[in-house]
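Student: Here is a sequence with its predicted model. Questions after.
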Amino acid sequence: QQQVKQSPQSLIVQKGGISIINCAYENTAFDYFPWYQQFPGKGPALLIAIRPDVSEKKEGRFTISFNKSAKQFSLHIMDSQPGDSATYFCAASKKTGANNLFFGTGTRLTVIP
Amino acid sequence: GAVVSQHPSRVICKSGTSVKIECRSLDFQATTMFWYRQFPKQSLMLMATSNEGSKATYEQGVEKDKFLINHASLTLSTLTVTSAHPEDSSFYICSASFDPTSGQYFGPGTRLTVT
């Protein structure tokens, strides 16, 4: 059972455009929502993360929007660049316990020049 | 900060042999380490969670006797794939956490190929 659902599976964006990736979850015990960026043959790198007490977090060109009532969160990449081409994973973890991450299925982003 | 290393980055072994993968947290003490497996173009699948000095907790369907995990210190965890078979070929990634609110920091991964 996929605890975190992610869409789209793949995304092609023109350079300078906005890339938007969406995730949804069901478990209200989740309270930490990170996004990871992964290049081929490399481990995932933490990009940005949010907790439910805020609705938006911005770091440079990357913004997480969080809708607690809808149990949805999304990643927006502004001014997308070819170097942003990678696979992006959303994830969620619970406040207590071993903070296991539940990953989405990933979105392969391609930014074309 | 929060750097995790893995060694080796790539390994090729013959069927029936064992291979050990090391995961180290370089600049922090990892109370918990995690081992994942990733197939091409797929998401990460959690294999097991380990806390320093305790036995690892394995996810359902992961063979404990085949994937031996040792978390000997706060900076080192090892995954040993025993009696490897070609179907064990995969990308193995570890991550580490220094407290439950810190999230996980991932290593660069190890590409295992069993011939």
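Tutor: That came in fine, so what should we check first?
Student: For the rest of this, base every contact and every neighbour count on C-alpha atoms.
Tutor: Noted.
Student: low pLDDT regions in chain A?
Tutor: A:95-98 (pLDDT under 70).
Student: Which residue would be the closest one in it to chain B?
Tutor: A:Gly43 (4.1 Å; Cα to the nearest Cα).
Student: From what I see, that residue and B:Tyr105 are in contact.
Tutor: No: at 9.4 Å, A:Gly43 does not count as touching B:Tyr105 under the criterion of Cα atoms under 8 Å.
Student: can you give me the strands for the chain?
Tutor: With no chain named, the answer covers chain A. Counting by DSSP state E, the segments of chain A that form strands are A:4-7, A:10-14, A:19-25, A:30-38, A:45-50, A:56-59, A:62-67, A:72-77, A:86-94, A:102-103, A:107-112.
Student: hmm, I had chain B in mind actually
Tutor: Under DSSP E, chain B gives strands at B:4-7, B:10-13, B:19-25, B:32-38, B:44-51, B:57-58, B:67-73, B:76-81, B:90-97, B:105-106, B:110-114.
Student: Show the contacting residues for the residue of chain A closest to chain B.
Tutor: B:Ile93, B:Phe106, B:Gly107, B:Pro108, B:Gly109 (Cα atoms under 8 Å, 6 or more residues apart in numbering or on different chains).
Student: count of residues packed around the nearest residue to it once chain neighbours are set aside?
Tutor: Spatial nearest neighbour of A:Gly43, excluding adjacent residues (Cα to Cα, 6 or more residues apart in numbering or on different chains): B:Pro108 at 4.1 Å. The tally of other residues near B:Pro108 (other Cα atoms under 10 Å in any protein chain shown) stands at 25.
Student: Give me the pLDDT for B:Pro108.
Tutor: The model reports B:Pro108 with a pLDDT of 96.
Student: Against chain A, how distant is B:Met93?
Tutor: Quick fix: residue B:93 is Ile, not Met. For B:Ile93, the distance to chain A equals 7 Å [Cα to the nearest Cα, to the nearest Å].
Student: related to what we said a few turns ago, tell me which of the strands of chain B sits nearest to A:Ala91.
Tutor: Closest of the strands of chain B to A:Ala91 is strand B:44-51, at 10.4 Å (criterion: Cα to Cα).
Student: which residue does chain B bring closest to chain A?
Tutor: For chain B, Cα to the nearest Cα, closest residue to chain A: B:Pro108, 4.1 Å.
Student: of all the residues in chain B, which ones are close to chain A?
Tutor: Proximity of chain B to chain A (Cα under 8 Å from any Cα of the partner chain) is limited to residues B:32, B:42-44, B:49, B:93, B:100-101, B:103, B:105-109.
Student: Quick check on the residues you listed: which are buried?
Tutor: For the residues of chain B next to chain A, a burial check counting by 16 or more other Cα atoms under 10 Å in any protein chain shown picks out B:Thr32, B:Ser43, B:Leu44, B:Thr49, B:Ile93, B:Pro100, B:Gly103, B:Tyr105, B:Phe106, B:Gly107, B:Pro108, B:Gly109.
Student: Could you check how far the first one is from B:Ser54?
Tutor: It refers to B:Thr32. 10 Å (Cα to Cα, to the nearest Å).
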